[in-house]
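Student: Predicted model follows, preceded by the sequence.
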Amino acid sequence: MFRVMRKLPVNVLTASSWCNGYVQYRRTRVMVIKGLKPQACSQKNYCSLPEDVKSLRSILTPHISKIRNIGIMAHIDAGKTTTTERMLYYSGYTRALGDVDDGDTVTDFMAQERERGITIQSAAVTFEWKDCRINLIDTPGHVDFTVEVERCLRVLDGAVAVFDASAGVEAQTLTVWRQADKHHIPRICFLNKMDKNEADFAYAIESIKQKLKTKPLLLQLPIGEARTFKGVIDVVTKEQIIWKPTSSSDDGKVFEQKPLAETGDLGLLKEAKDARNALIEQVADLDDEFAELVLGEFSENFDLLPADKLQSAIRRVTLAQKAVPVLCGSALKNKGIQPLLDAVVMYLPAPNECSYDFLQWYKDDLCALAFKVIHDKQRGPLVFIRIYSGSVKPQSAVYNINKNYTERMSRVILPFADQHVEIPSLTAGNIALTVGLKKSATGDTIVSSKSSAVAAAHRAGRNVERKQSRNSEVASLLLAGVEIPEPVFFCTIEPPSLTQQPDLDNALMCLQLEDPSLKVKIDPDTSQNILCGMGELHIEIVHDRIKREYGIETYLGPLQVAYRETILNSVQATDTLDRTIGDKRHLVTVELGVSPWTGERATIPPVIQYAENFTAPLHPELQEAIENGISSASLKGPLLGFPIQDVAVTVYSVTLHPDTSLPMVSACVSRCMQKALKKASKQMLEPLMSLEITINEDNLSTVLADLAQRRGKVQEIHTRQDNKVVVAAVPLAEMMGYSTALRSLTSGSATFTLELANYQAMNMQEQNALLQKRGLV
Ligand SMILES: Nc1nc2c(ncn2[C@@H]2O[C@H](COP(=O)(O)OP(=O)(O)OP(=O)(O)O)[C@@H](O)[C@H]2O)c(=O)[nH]1
């Protein structure tokens with residue numbers, strides 16, 4: 001029935017740590033699903049549920065308790081891809097074991113994409129294991145407070161952490177582990193590469209204890225070491241599981257599982273009993289219900305304790321994140337993956353076992369999070385959504401809270417195996433691929449209607465209709481979505497010829513939907529496109545993607561820091577605009593004042609107040625025109641034209657000739673505000689970054705000396721394992737090329753993360769130097 005799916009290893013460049021300004025290029029294997037066009041299609045490229053595929057039918061409407069939304073996280077090269085591939089193979093998702101070694105080039109990849117009009121990356125693959133539906137969600141390999149990682153972790157209910165058993169916990173494992181801690185995600189550890197000569201089970205366990213500060217629950221012990229590694233002892237059931245090649249295949253599908261008591265291997269049996277007793281004691285320490293059971297009925301002989309009682313207790317402590325089950329195997333040698341899948345089903349939570357605060361606001365209404373957008377050249381954007389409550393149906397209108405926009409979801413698809421199965425509806429807990437949502441971007445929250453959002457907001461104690469409600473605070477409250485940091489770098493981007501401008505605009509629009517940390521603006525003076533991103537390499541990667549994926553060779557202007565401007569004193573101004581257009585006289589006089597805003601939180605849109613003597617209630621359209629004028633003036637500060645921050649505007653009076661149009665009012669307000677800003681004492685604000693560098697002690701003094709030259713202020717130096725961790729605040733302007741500089745200072749042994757802390761006032765000397773550089777002093 002299914003066409004063969006082949007996984008093509010393709011090297012592409014992916015951005016990892018985008019929002020910290022520190023991006024690493026990495027070669028990633030992208031899953032390309034071949035034979036997309038199903039055989040029994042009701043419509044082109046779509047397939048209704050094939051009648052003869054019973055298993056499909058059974059998993060299309062699983063009970064929520066039978067769903068697992070999981071991710072696989074790992075340090076680079078720990079075996080994430082190989083493990084995932086085996087999972088897909090044993091579940092029947094793929095028909096052949098994929099080739100993990102590098103092979104095809106990016107060009108081949110692009111050719112594939114062109115040929116079929118779509119590339120399905122492994123953003124979320126759905127497969128069946130036992131009677132559960134597993135949605136495996138891709139998590140990026142390199143992570144550190146990134147939008148990419150945030151969006152993935154946001155939709156995961158559980159995760160498998162894969163380790164190289166010869167290396168134990170590596171740097172990136174620590175980072176992803178911390179991220180998962182932050183999102184309270186229950187985990188299972190898989191010690192991979194047990195076939196390697198250097199594999200060391202005990203060492204890996206110790207490093208999990210020491211470095212991750214967690215309690216590993218040894219659910220398995222390896223049988224054999226390195227080349228002789230052939231299987232595992234299941235500590236919970238006291239069984240041995242041995243993978244033996246058959247005469248026809250060595251794909252690991254066949255394995256032998258039997259109680260150790262029957263094998264006659266007394267050594268292994270003793271090992272299993274000791275490990276089981278230790279496990280029971282450990283779990284009893286963490287779970288009162290289990291402790292009662294063990295100390296009562298089974299205190300004399302733990303051997304009599306049924307495996308299912310122990311499994312239930314392990315599940316409870318795993319979900320409570322008091323401990324982490326550990327399994328082992330060798331993905332490459334096809335050993336240990338089926339028990340790992342069993343453990344995913346058994347110990348990781350179903351969506352209804354995870355608590356999400358915002359669910360109470362929506363009750364049974366739809367609430368879903370768009371977590372990935374991919375572009376299909378024929379069908380437009382395909383949006384992956386995680387449904388938290390309610391359900392989605394094809395041909396239904398949905399409301400996007402972030403965009404304040406209602407749009408139609410034309411199709412709901414389950415990307416199952418190599419088929420896109422159209423489904424009539426999908427309920428809470430599921431991951432769906434939707435067609436028709438043209439404006440929805442990564443991180444947006446989708447609900448059934450605007451009134452449903454308003455009702456949810458009321459339940460959450462907020463009023464969505466209020467003017468201030470579109471601010472990010474309320475949006476994130478309603479969505480519990482992904483927090484998108486403000487871009488801190490920008491540059492101009494131009495197509496090779498004006499005829500390609502529409503193509504470039506389209507490419508930029510598509511990329512923005514996929515990557516919410518990328519922003520594109522138009523320079524009002526030059527009409528050039530301005531690309532705003534989170535770091536030097538973020539912008540480089542966007543540049544590269546436009547070339548590779550859209551075939552446009554663009555030119556980037558010099559990279560610049562996104563400064564802001566503010567004022568230090570209160571000033572008033574008056575302005576009059578008097579123009580006659582045709583037979584109409586547009587006459588308006590505006591009087592307003594600007595002053596520094598001293599609220600708790602920094603604000604970019606100016607805080608607008610109306611003077612008390614503004615007696616007559618303003619017509620809403622006139623008010624909108626006035627406020628439009630204020631916001632347009634605030635985008636261009638009086639010093640260098642950067643946006644204004646922390647300014648309050650008081651409108652004293654607006655006097656109009658009856659024929660005056662609203663755009664004229666906006667223009668006059670804008671001009672008057674610019675006049676006021678110019679009169680005030682002005683201050684440049686620069687982005688201040690918080691920097692964390694992990695280095696070995698030998699490099700500490702060199703790195704500190706370099707930081708001092710970059711106007712960095714060291715806030716803390718502490719020890720992490722054998723390394724020193726330096727925490728500092730450094731102006732972004734001093735961090736250009738830091739990745740290369742740090743590499744050369746430490747011979748490549750250091751790593752760093754960079755995050756926007758806030759905007760700080762520049763001292764007069766620095767400010768003058770900057771203005772001088774721009775020829776303004
Ligand atoms: N010996 C051994 N090698 C393995 C095992 N699993 C994976 N490898 C090898 O380790 C290398 C990296 O494996 P991948 O599966 O690509 O690891 P990854 O974590 O996905 O790597 P990135 O995507 O680059 O982060 C490949 O050469 C694999 O063949 C294993 O169980 N044993």
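Tutor: Ah, there it is.
Student: So what's the residue count around the residue of the stretch 151-300 of the chain found nearest the ligand?
Tutor: Taking CB to the nearest ligand atom as the measure, the point where the stretch 151-300 of the chain comes nearest the ligand is residue 193, at 3.9 Å. All C-beta spots, glycine's among them, are computed from the backbone N, C-alpha and C. Close neighbours of residue 193, defined as other CB atoms under 10 Å, add up to 26.
Student: Over to residue 672?
Tutor: 28.
Student: is it true that it lies in a strand?
Tutor: No - under DSSP: H, G, I helix; E, B strand; the rest coil, residue 672 sits outside any strand and is assigned helix.
Student: need the contact list for it.
Tutor: Contacts for residue 672 (CB atoms under 8 Å, 6 or more residues apart in numbering) come out as 573-575, 590-592, 629.
Student: Test my guess that the residue of the stretch 151-300 of the chain closest to the ligand contacts residue 162.
Tutor: No - using CB atoms under 8 Å, residue 193 is not in contact with residue 162, being 9.2 Å away.
Student: Spit out the residues that contact the two alike.
Tutor: Contacts common to residue 193 and residue 162, judged by CB under 8 Å, 6+ apart, are 78-79.
Student: Quick check: the gap between residue 598 and the ligand.
Tutor: 48 Å (CB to the nearest ligand atom, to the nearest Å).
Student: what does the model give residue 619 for pLDDT?
Tutor: You'll see residue 619 listed with a pLDDT of 84.
Student: no wait, residue 42
Tutor: For residue 42, the model assigns a pLDDT of 32.
Student: repeat for residue 576
Tutor: 94.
Student: do the same with the one 5 residues further on
Tutor: Note for residue 581: predicted pLDDT of 88.
Student: Looking at the contacts of residue 672, which are in helices?
Tutor: Applying DSSP state H to the contacts of residue 672, the entries found in helices are residue 629.
Student: Out of the contacts of residue 672, the closest to the ligand would be?
Tutor: Using CB to the nearest ligand atom, residue 629 comes nearest to the ligand of these, at 51.4 Å.
Student: any idea whether the closest residue in space to the closest one that isn't next to it in sequence is helix, strand or coil?
Tutor: Among residues not flanking residue 629 along the chain, residue 669 sits closest, at 2.9 Å (CB to CB, 6 or more residues apart in numbering). For residue 669, the secondary structure call by three-state DSSP comes out as helix.
Student: Now for residue 669: which residues touch it?
Tutor: 590, 592, 625-626, 628-630, 633, 651, 654.
Student: if we go to 6 Å?
Tutor: Residues counted as contacts of residue 669 (CB atoms under 6 Å, 6 or more residues apart in numbering) are 590, 626, 629.
Student: Check those for burial and list the buried ones.
Tutor: 590, 626, 629 (16 or more other CB atoms under 10 Å).
Student: The second one and the ligand: what is the separation?
Tutor: So the one you mean is residue 626. 54 Å.
Student: Please apply the same query to residue 336.
Tutor: Counting by CB to the nearest ligand atom, the gap from residue 336 to the ligand is 9 Å.
Student: Low-confidence stretches in the stretch 351-500 of the chain?
Tutor: Within the stretch 351-500 of the chain, the stretches with pLDDT under 70 are 415-419, 461-485.
Student: What is the burial count for whatever residue of it ends up closest to the ligand?
Tutor: Closest contact between the stretch 351-500 of the chain and the ligand, by CB to the nearest ligand atom, is at residue 372 (17.7 Å). Residues lying near residue 372 (other CB under 10 Å) number 23.
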